[in-house]
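Undergrad: Compute the structure for the input listed below.
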Amino acid sequence: MRIITSSLIRPIGALALGGGVALASFGLLPQLQPPPSPLESIRAAEIEDKVSYLASDAFLGRGNGTPELDRAAEYIAGVFGDNGLLPGGNNGFFQEFQVERLSIGRDNRLELPQTGIAFDVGRDFIPLPGTVDGRVEGPLVFAGYGIRAPGENYDDLAGVDFGGRIAVVLEGYPRPGDPASPFNRLTSENPSDIAAKAENAEAAGAGALIVVQGPLGGGATSIGYYAGAMRPGLSPRRSVMDLAPGVGEARIPVVVVSRTAALRLVPDLESLQRSIDVSLQTITAEVAPMALLQVDLDRDAYTARNVVGIVGGSDPDLRHEAIVVGAHYDHDGAEGGRIWNGADDNASGTSGLLELAEALALDTPPSRSVILAAWAAEEKGMLGSRHYVREPPVPVSDTVAMFQIDMIGRNEEHGADPGEGFLLERASENANALNLIGSVFSDDIRQVVTGANREVGLDLRFRYDYGAQDLMRRSDHWTFLSRGVPSLFFFGGLHPDYHTPNDTADKINYNKIEKVARLVYRAVREIGNAPDRPVFSNPGDERF
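TA: Below you'll find the model as predicted:
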């Protein structure tokens, strides 16, 4: 099959009219139609071409760490360049960063030398993907859940100085099943985030961190899953990956210990956890006089690439501020002769992003700048957007809003699941429906999108901010929301072909993508030209 390169696919905004109009006046050529308006340039037919191309077998599912994903990045960069966007990466349009494929090395140890207890890697404990290697010996100091939440009057590490010793904290947060728990609410912080616990422990002087799964619940990390996914020699589709190096910003070794092994490591763990959960008062105590922790991960690094293009703002006083519109272009790749084409997830959103580039090229730039970002490695833990906020072309503090376009090409379809907050959804009833997630953090952004939709006519649904398999934290908008940026996740909904080889281009609702892309375009224009930026605020007492 012939591979179509970006130079052979010319967006509507890049067509040169040349002298065609003059020739047509002499009857030598048919009369050319005037260029479309920016909004009308967003067309279902063009979207279908783009989705069909990106989701074709030639790209082998756009797996992370593959040449096919690099080719997709080059195509996207070509469209950005053809439409006059300014490069926003560290290598032209490419924002390059290092990703590591991780597997368990030969020398991982967790021991209590004075009692002779040794734990088995892959069964009793697992190095957290992305953690740094290292060997630490010293006492074990228990410090509650490792949470610092001054807004909730709770701080496990207040006044704690580990002095290089090994910190032991519980996974999760107090009272996970209690709706009255101060942590069972939707905020831009995630109290269960192990990366945040590691950063907290390192800042308090810990030489390493052991995260234990408590006997009263609250632990979610599957040691068995990670042990299987961190076996040497796995395909890129199955491999665990993370940014290089470290868990979040922490530079200390981090492991997770199973619920059964945790009681051997900290015999009084159940009473300690119960006391904290009942009183919401932290406990700090030395729980073992000496331990040895050694982490050894094999790391196969490669260069990943976000594709970043910028439309410079037209107002000298506002152009330093920016709106980010993102869509991840990676998917699950191929294995065993099967291809996970990822037409909806997320060739659909990527095509919408490319249509937005073409529409913006036909229009006067808004007052604020607009950044279009095609993210790599979303499927591996939102690695592309996580890197972006580390090294953004416009500071996060000057990013006034973020729109994530992810899975906008299908009609929601799934069975009812009351425990997860899902109702029965039939595809036939959702041909014009769009879910918007994240508006609880900014009423301003909800009003902008609702107003923009009056001319688009989608059935907007604001229902998945809470519960529902934690959809709030499952796409790249969360990277920005967690840093206080008003953000919105444009999401068509789950369906039976999600993350299967059956997510193919022939099942896409292209008229829906056209409407969603036009909605995003209108909202970007309104925020881009508004005198004031949207206000961000945590929802307060709303609960998951």
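Undergrad: Just the buried residues of the helix ranked longest in the chain, please?
TA: Using DSSP state H to define each element, the chain has its longest helix at helix 510-529. The neighbour-count criterion (16 or more other CB atoms under 10 Å) identifies 510, 512-525, 527-529 as the buried residues of helix 510-529. To be clear about C-beta, it is placed using only N, CA and C from the backbone, and glycine gets the same treatment.
Undergrad: got the CA positions of it in PDB?
TA: Provided in PDB are the C-alpha atoms of helix 510-529 (Å, rounded to 0.1, in the frame of the first residue of the first chain):
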ATOM      1  CA  TYR A 510     -18.300  12.400  11.100                       C
ATOM      2  CA  ASN A 511     -21.100  14.900  11.300                       C
ATOM      3  CA  LYS A 512     -20.700  14.900  15.100                       C
ATOM      4  CA  ILE A 513     -17.000  15.600  14.900                       C
ATOM      5  CA  GLU A 514     -17.800  18.500  12.600                       C
ATOM      6  CA  LYS A 515     -20.200  19.900  15.200                       C
ATOM      7  CA  VAL A 516     -17.800  19.400  18.100                       C
ATOM      8  CA  ALA A 517     -14.900  21.000  16.200                       C
ATOM      9  CA  ARG A 518     -17.100  24.000  15.300                       C
ATOM     10  CA  LEU A 519     -18.100  24.300  19.000                       C
ATOM     11  CA  VAL A 520     -14.500  24.300  20.100                       C
ATOM     12  CA  TYR A 521     -13.600  26.900  17.500                       C
ATOM     13  CA  ARG A 522     -16.400  29.200  18.600                       C
ATOM     14  CA  ALA A 523     -15.400  28.800  22.300                       C
ATOM     15  CA  VAL A 524     -11.800  29.400  21.600                       C
ATOM     16  CA  ARG A 525     -12.700  32.600  19.700                       C
ATOM     17  CA  GLU A 526     -14.800  33.800  22.600                       C
ATOM     18  CA  ILE A 527     -12.300  33.200  25.300                       C
ATOM     19  CA  GLY A 528      -9.500  34.400  23.100                       C
ATOM     20  CA  ASN A 529     -11.200  37.800  22.700                       C
END
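Undergrad: Quick one: mean pLDDT over that helix.
TA: Across helix 510-529, pLDDT averages out at 98.
Undergrad: With stretch 403-410 instead?
TA: For stretch 403-410, the mean per-residue pLDDT is 98.
Undergrad: Could you do stretch 315-326 as well?
TA: Per-residue pLDDT values over stretch 315-326 give a mean of 98.
Undergrad: So which bits of it are buried?
TA: Per 16+ other CB under 10 Å, stretch 315-326 contains these buried residues: Leu318, Arg319, Glu321, Ala322, Ile323, Val324, Val325, Gly326.
Undergrad: Stretch 284-296 too?
TA: Buried residues in stretch 284-296, counted by 16+ other CB under 10 Å: Val287, Ala288, Ala291, Leu293, Gln294, Val295, Asp296.
Undergrad: residue boundaries of the strands in the stretch 401-544 of the chain?
TA: For the stretch 401-544 of the chain, the strands defined by DSSP state E, counting those that start in this stretch cover 433-437, 459-461, 487-491.
Undergrad: Same list (these) but as JSON lines, adding mean neighbour count, mean pLDDT and distance to Val396.
TA: Formatted as JSON lines, those follow (neighbours: other CB atoms under 10 Å; pLDDT from 0 to 100; distance: least, CB to CB, whole Å):
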{"stretch": "strand 433-437", "mean neighbour count": "22", "mean pLDDT": "98", "distance to Val396": "20"}
{"stretch": "strand 459-461", "mean neighbour count": "15", "mean pLDDT": "97", "distance to Val396": "27"}
{"stretch": "strand 487-491", "mean neighbour count": "27", "mean pLDDT": "98", "distance to Val396": "11"}
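Undergrad: what's the pLDDT at the closest residue to Gly342 other than its chain neighbours?
TA: Excluding its sequence neighbours, the residue lying closest to Gly342 (CB to CB, 6 or more residues apart in numbering) is His331, at 2.9 Å. Note for His331: predicted pLDDT of 98.
Undergrad: on that earlier part again, with the buried residues of stretch 284-296 in mind, which one is nearest to Asp363?
TA: Among those, Val295 lies closest to Asp363 (CB to CB), at 51.8 Å.
Undergrad: so that closest one makes contact with Leu110?
TA: No - applying CB atoms under 8 Å, one finds Val295 not in contact with Leu110, separated by 9.2 Å.
Undergrad: Name the residues contacting each of these two.
TA: Counting by CB atoms under 8 Å, 6 or more residues apart in numbering, the residues touching both Val295 and Leu110 are Val255.
Undergrad: which stretches of this structure aren't confidently modelled?
TA: 1-33, 246, 468, 540-544 (pLDDT under 70).
Undergrad: can you pull out the helices in it?
TA: Secondary structure of the chain (DSSP H): helices at 20-25, 44-54, 67-82, 194-203, 223-229, 259-265, 269-279, 349-361, 383-390, 443-452, 477-481, 510-529.
Undergrad: The protein - how does it break down into domains?
TA: Per the record, the chain has its domains at 6-23+38-99+300-529, 107-295, by automatic domain parsing.
Undergrad: so which of the strands of the stretch 401-544 of the chain gets nearest Val141?
TA: Nearest of these to Val141, taken as CB to CB: strand 487-491 at 37.1 Å.
Undergrad: ok, Trp137 to Asp459 distance?
TA: If you look again at residue 137, you'll see it is Glu, not Trp. Distance of Glu137 to Asp459, given as CB to CB, to the nearest Å: 60 Å.
Undergrad: wait, Met230
TA: Met230 sits 43 Å away from Asp459, going by CB to CB.
Undergrad: Please apply the same query to Arg237.
TA: Separation of Arg237 from Asp459 (CB to CB): 35 Å.
Undergrad: what does Pro34 give?
TA: 33 Å.
Undergrad: again, but for Pro176
TA: Taking CB to CB, one finds Pro176 at 34 Å from Asp459.
Undergrad: Over to Tyr225?
TA: On the measure of CB to CB, Tyr225 and Asp459 end up 37 Å apart.
Undergrad: now swap in Phe94 and tell me
TA: 37 Å.
Undergrad: Tell me which residues are up against stretch 281-290.
TA: Residues contacting stretch 281-290 (CB under 8 Å, 6+ apart): 112-114, 137-145, 154-156, 158, 160, 168, 265-266, 268, 272, 275-276.
Undergrad: Filter these down to just the buried residues.
TA: 112, 137-145, 154, 156, 160, 168, 265-266, 272, 276.
Undergrad: Which of the residues you listed fall in strands?
TA: Among these, the members found in strands (DSSP state E) are Leu112, Glu137, Gly138, Pro139, Leu140, Val141, Phe142, Ala143, Tyr154, Val168.
Undergrad: so the first one touches Leu265, yeah?
TA: Spelled out, that is Leu112. Yes - applying CB under 8 Å, one finds Leu112 in contact with Leu265, separated by 7.2 Å.
Undergrad: quick revisit: mind giving me the packing neighbours of the longest helix of the chain?
TA: Here helix 510-529 touches helix 44-54, strand 322-328, helix 349-361, strand 399-405, strand 433-437, helix 443-452, strand 487-491, going by 3 or more CB pairs under 8 Å, 6 or more residues apart in numbering; DSSP states H and E.
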